[in-house]
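Q: Fold the following.
(chains A and B)
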Number of protein chains: 2
Amino acid sequence: MRRYKMDKNHKMWDDLSMDLDKHDLLCEVLPQAFGDVFLSQENRPEKMDYFNAVTADIHGVRPAELIEAQKNGQKVIGSFCIHVPEEVVWAANGISTGLCSGSQFWVPGGEKKLPTATCPLIKASLGARFDRTCPFFRIADLFVGETTCDGKKKAWEILAEDAPMYIMDIPQMKRDEDFQKWEKEIKLYIDKLEELTGNKVTAESLHDAIVMINNKRRAMQRLYDFRKLDNVPISGRDTLLITQISFFDDPVRFTQKVNELCDELDKRVKENVSVFKKGTKRILLTGTPLSIPNWKLHQIIETNGGAVVGEELCTGIRYIENPVDETKGDLDTEVKNLAQRYLGSINCACFTPNTSRIDDIIRLYHEYNADGVIDINLKFCNIYDTEGYFVEKRLKEENIPCIGIETDYTDEDAEQLKTRIGAFIEMLD
Amino acid sequence: MRRYKMDKNHKMWDDLSMDLDKHDLLCEVLPQAFGDVFLSQENRPEKMDYFNAVTADIHGVRPAELIEAQKNGQKVIGSFCIHVPEEVVWAANGISTGLCSGSQFWVPGGEKKLPTATCPLIKASLGARFDRTCPFFRIADLFVGETTCDGKKKAWEILAEDAPMYIMDIPQMKRDEDFQKWEKEIKLYIDKLEELTGNKVTAESLHDAIVMINNKRRAMQRLYDFRKLDNVPISGRDTLLITQISFFDDPVRFTQKVNELCDELDKRVKENVSVFKKGTKRILLTGTPLSIPNWKLHQIIETNGGAVVGEELCTGIRYIENPVDETKGDLDTEVKNLAQRYLGSINCACFTPNTSRIDDIIRLYHEYNADGVIDINLKFCNIYDTEGYFVEKRLKEENIPCIGIETDYTDEDAEQLKTRIGAFIEMLD
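A: I've put the predicted structure just below:
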């Protein structure tokens, strides 16, 4: 039995019935990893300080805020997917939060009940809950799953043995009738949230939430736009970190902090500052999500001659583009607008067909002035793996250099990835 | 270049632009496999002769009939899944047919475009089409895919590059609104079939088709009921073969032939004939489908002390139980009845939650007087693999012996399976 330094955080984690011994192991390795990937960078924007601080205490500050909010009667809803509209949570005076899913640390806990041949993101999610090593997984009053992929759809059933789950059935196609179905699902979700929170979702409260989240998206788009420039004033690693934090942080404060950072970047642009050496190759990533603290690929790319200038990922451009229509209307109209954005504008490989995603990749390749595309697949993600066939084929037709990479959360393939990615980047010359 | 014995079949296959060289390789190995698994059995019912003959010429007789029907203006529709209601095809004066998907022979052809980490059934399906080694995949005028699992959903996109595809989006849950959605999907499918065939689906024609397919199901149920007896008058291998043929054969003729076989089995029952030695352990299979010519597990079980007395599989009891409500009604009512049966009564692991499947397994274990359950999973089928957690858990609670087996279409694991399955059967003593 360890003896804890019973500081404020440990007290909180203990109150959350977390496994303190096990969780301390994670807390011990993260600072080193964070230092290696982030603090080692030269010429970082000063305003990254806020995001550094959030990350350094990611299982401390925000969880404490959530618990405080719960004491004031607010409910916390954890979700796993950017197809689930967070606006309705805020409109019911709830708080939406991301959940732990990005580290190999949590994978073995998930593998106790899930097949090994399941993607690491799903295994890590369940492991983080079952092993009691993620405060967000202890705090949330409700977890909202969806039927986007087989692995998640079936994993929720196992998670439901231990956690309060609510499932949204997302259509697998995007015909008119599917948009109607998704509208109906959002309405059912609103019913559930109203029941949970005791608050009505009104046209007014939903409109306010739409504007609030749109503002967050606009701030992030402002940040991402800097990556389109010849002189990129912020690294891919830093932008990824900010995006990962966007799922956890208070949206209003987060928006303000991103805008403050962008103000600093505006100055850098005027001074032609770039964090990359001239000739660094510009990479667009596409594929499966990179959730915190999964920084592996960005680190390999940006220490091997590349700059990640964009991510056609759920933890990237898919989350920030296409704000919801803000026109004031009745609740039905606003839900329709949400359905339009959340089904129509996000091109996850779970849909069939999903040619719009490839159109997006090509568009973003040009918008972000990329030199090449890396199509990343988390091992055992069948939908992105299969869709990779079309990604490669269409990009070849467009003469866009592309390489497919399959990886997981371990470091076992790090050397091999360095070699392959390094060779790909060199080839872009 | 081979020199073909240009018999009637080779002429037909040539007209279908099949790869004769490659297809001949399959034709050469099947008789041996069929002999080993089926003809080696002692005391087979005489009326198996029909099914032997159909199997021996499975790429000859039935394809020739389909081509003849096409000459008379009928359309042939190939489908991959028992959730797709074949009744509507027949009601439009079309012909419904199964497709090749059960042999390792077709897998490498599928792996050219699909991820290796895809289940062999899906890889074999695409390989059979791309390699031009399956007459049914050449003949069909339309292929009806569905969104039951990630692997299939995304594979249809690749298949659609080469074959005329139509996709039905099956709900992933079974709430009231999902039944309504499935009704709507069946109506859209009827529209498509009417357009393709030029024939109207009427309440009358749909009713006739429902009765015809119900008759087939009733004949098969009659056959399966013999397996519940202490003296089982027909082997699991033979019943599996008949079930596999049920997806291809003319339904009226097939029904008659199954009933003729059942008449013979009635006599056997009176004479207390069993094809199994006393003390043979009775096995219920559950899990992923076994499509023709996948006879591997039945062969291993029935040559290692076991008798397969039931299959809670798509190629088994799921296909034959629960006839559609036959009450005459208007088209809307009949479609509602179809939706009820095809969504409500089939408990594929693609649904969430899917506890009814485990209820089925327990019920069937008792109905078929089984001694143990083997839960089979085709490699990389994530939904059945994940659901296996609940199968094992519930059966353990019920004190029902159960073993999980993962396999593919190769013979590489045959010895290992023999050992594991043999040990499991021995343990049942």
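
Q: Helix, strand or coil: sort out the nearest residue to A:Phe105 once chain neighbours are set aside for me.
A: The shortest distance from A:Phe105 to any non-neighbouring residue, by Cβ to Cβ, 6 or more residues apart in numbering or on different chains, is to A:Leu26 (5.2 Å). The way it works is simple: take the backbone N, C-alpha and C, and place the C-beta from them, glycine included. Here A:Leu26 is recorded as helix under DSSP: H, G, I helix; E, B strand; the rest coil.

Q: Please give me every residue in contact with A:Leu297.
A: Contact partners of A:Leu297, counting by Cβ atoms under 8 Å, 6 or more residues apart in numbering or on different chains, are A:285, A:290, A:308, A:374, A:376, A:405, A:407, A:417, A:421.

Q: That one belongs to a helix?
A: Yes - assessed with three-state DSSP, A:Leu297 lies in a helix.

Q: any idea which of the contacts of A:Leu297 has the most stuff around it?
A: A:Leu285 (28 neighbours; other Cβ atoms under 10 Å in any protein chain shown).

Q: State whether that residue is indeed within a helix.
A: No - under three-state DSSP, A:Leu285 falls outside any helix and is assigned strand.

Q: That one and A:Leu313 touch, don't they?
A: Yes - with contacts counted by Cβ atoms under 8 Å, A:Leu285 reaches A:Leu313, the gap being 6.1 Å.

Q: Quick check: residues of the stretch 201-350 of chain A near chain B?
A: The stretch 201-350 of chain A has residues A:349-350 near chain B, with proximity defined as Cβ under 8 Å from any Cβ of the partner chain.

Q: just for the stretch 201-350 of chain A, where's the confidence low?
A: The stretch 201-350 of chain A contains no residues with pLDDT under 70.

Q: center of chain A, which residue is that?
A: Chain A has A:Thr315 as the residue nearest its centroid, 3.4 Å off, counting by Cα atoms, centre = their mean.

Q: Could you pull up the contacting residues of it?
A: A:Thr315 neighbours (Cβ under 8 Å, 6+ apart): A:240, A:243-244, A:247, A:289-291.

Q: 7 Å instead, please
A: By Cβ atoms under 7 Å, 6 or more residues apart in numbering or on different chains, A:Thr315 lies in contact with A:243-244, A:289-291.

Q: any idea of the mean pLDDT in stretch A:415-429?
A: Stretch A:415-429 shows a mean pLDDT of 96.

Q: which parts of it are buried?
A: For stretch A:415-429, a neighbour-count test (16 or more other Cβ atoms under 10 Å in any protein chain shown) marks A:417, A:420-422, A:424-425 as buried.

Q: out of the residues you listed, which are inside helices?
A: Judged by DSSP state H, helices contain the following of these: A:417, A:420-422, A:424-425.

Q: what two of those are the furthest from one another?
A: Greatest spacing in those, by Cβ to Cβ: A:Leu417 and A:Ile425 (11.8 Å).

Q: will you turn the buried residues of stretch A:415-429 into JSON lines that also has distance to A:Glu260?
A: As requested, these are exported to JSON lines (distance: Cβ to Cβ, whole Å):
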{"residue": "A:Leu417", "distance to A:Glu260": "34"}
{"residue": "A:Arg420", "distance to A:Glu260": "38"}
{"residue": "A:Ile421", "distance to A:Glu260": "33"}
{"residue": "A:Gly422", "distance to A:Glu260": "35"}
{"residue": "A:Phe424", "distance to A:Glu260": "36"}
{"residue": "A:Ile425", "distance to A:Glu260": "32"}
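
Q: Near chain B, list only the ones from the residues you listed.
A: By Cβ under 7 Å from any Cβ of the partner chain, no member of these lies near chain B.

Q: wait, which of those is closest to B:Glu398?
A: A:Leu417 (47.0 Å).

Q: Identify the residue spatially nearest to the closest one, adjacent ones excluded.
A: A:Leu417's closest residue in space is A:Ile300 (Cβ to Cβ, 6+ apart), at 5.4 Å.

Q: Kindly provide the distance from that neighbour to B:Glu157.
A: Here the distance between A:Ile300 and B:Glu157 works out to 30 Å (Cβ to Cβ, to the nearest Å).

Q: Next: A:Leu338.
A: 27 Å.

Q: next one: A:Lys174
A: Distance from A:Lys174 to B:Glu157, by Cβ to Cβ: 13 Å.

Q: Could you do A:Val232 as well?
A: Distance from A:Val232 to B:Glu157, by Cβ to Cβ: 35 Å.

Q: Next: A:Ser101.
A: 27 Å.

Q: Compare neighbour counts for those two and give me the winner.
A: Shown here are A:Ser101 and B:Glu157; by other Cβ under 10 Å, A:Ser101 has more neighbours (26 against 21).

Q: for the more buried one, helix, strand, or coil?
A: coil.

Q: Around chain B, pick out the residues from the stretch 1-150 of chain A.
A: So the stretch 1-150 of chain A meets chain B at A:113-115, A:117-118, A:147, A:149-150 (Cβ under 7 Å from any Cβ).

Q: for A:Pro85, what are its contacts?
A: Counting by Cβ under 7 Å, 6+ apart, A:Pro85 has contacts A:186, A:338, A:342.

Q: Helix, strand or coil: sort out the first one for me.
A: The three-state assignment at A:Ile186 reads helix, by three-state DSSP.

Q: Which residue, neighbours along the chain excluded, lies closest to it?
A: A:Val335 is the one closest to A:Ile186 (Cβ to Cβ, 6+ apart), at 5.2 Å.

Q: tell me which element the one you found falls in.
A: Applying DSSP states H and E as the criterion places A:Val335 in helix A:331-344.

Q: can you pull the buried residues of that helix?
A: A:331, A:334-343.

Q: so what's the residue nearest to A:Ile186 up against?
A: Residues counted as contacts of A:Val335 (Cβ under 7 Å, 6+ apart) are A:183, A:186-187.

Q: So which of those is surrounded by the most neighbours?
A: Of these, with other Cβ under 10 Å as the count, A:Ile186 tops at 22 neighbours.

Q: Any figure for the gap between that one and chain B?
A: 13 Å (Cβ to the nearest Cβ, to the nearest Å).

Q: quick one: A:Glu194 from A:Glu86, how far?
A: A:Glu194 is 16 Å from A:Glu86, by Cβ to Cβ.

Q: Who has more neighbours out of those two?
A: A side-by-side neighbour count of A:Glu194 and A:Glu86, using other Cβ under 10 Å, places A:Glu86 first with 23 against 16.

Q: Okay, and the beta partners of the residue nearest to the more buried one when sequence neighbours are not counted?
A: Leaving aside its sequence neighbours, A:Glu86 sits nearest to A:Ser96 (Cβ to Cβ, 6+ apart; 4.0 Å). On the basis of DSSP bridges, A:Ser96 is bridged to A:Ile77.

Q: For A:Ser96, grab the count of nearby residues.
A: If we define neighbours as other Cβ under 10 Å, then A:Ser96 has 22 of them.

Q: do you know how far it is from A:Tyr189?
A: A:Ser96 is 12 Å from A:Tyr189, by Cβ to Cβ.

Q: which residues of the stretch 101-250 of chain A fall in strands?
A: Using DSSP state E, counting those that start in this stretch, the strands of the stretch 101-250 of chain A run over A:142-146, A:165-168.

Q: winner for burial among these?
A: Comparing the strands of the stretch 101-250 of chain A by mean neighbour count (mean count of other Cβ atoms under 10 Å in any protein chain shown), strand A:142-146 ranks first with a mean of 22.
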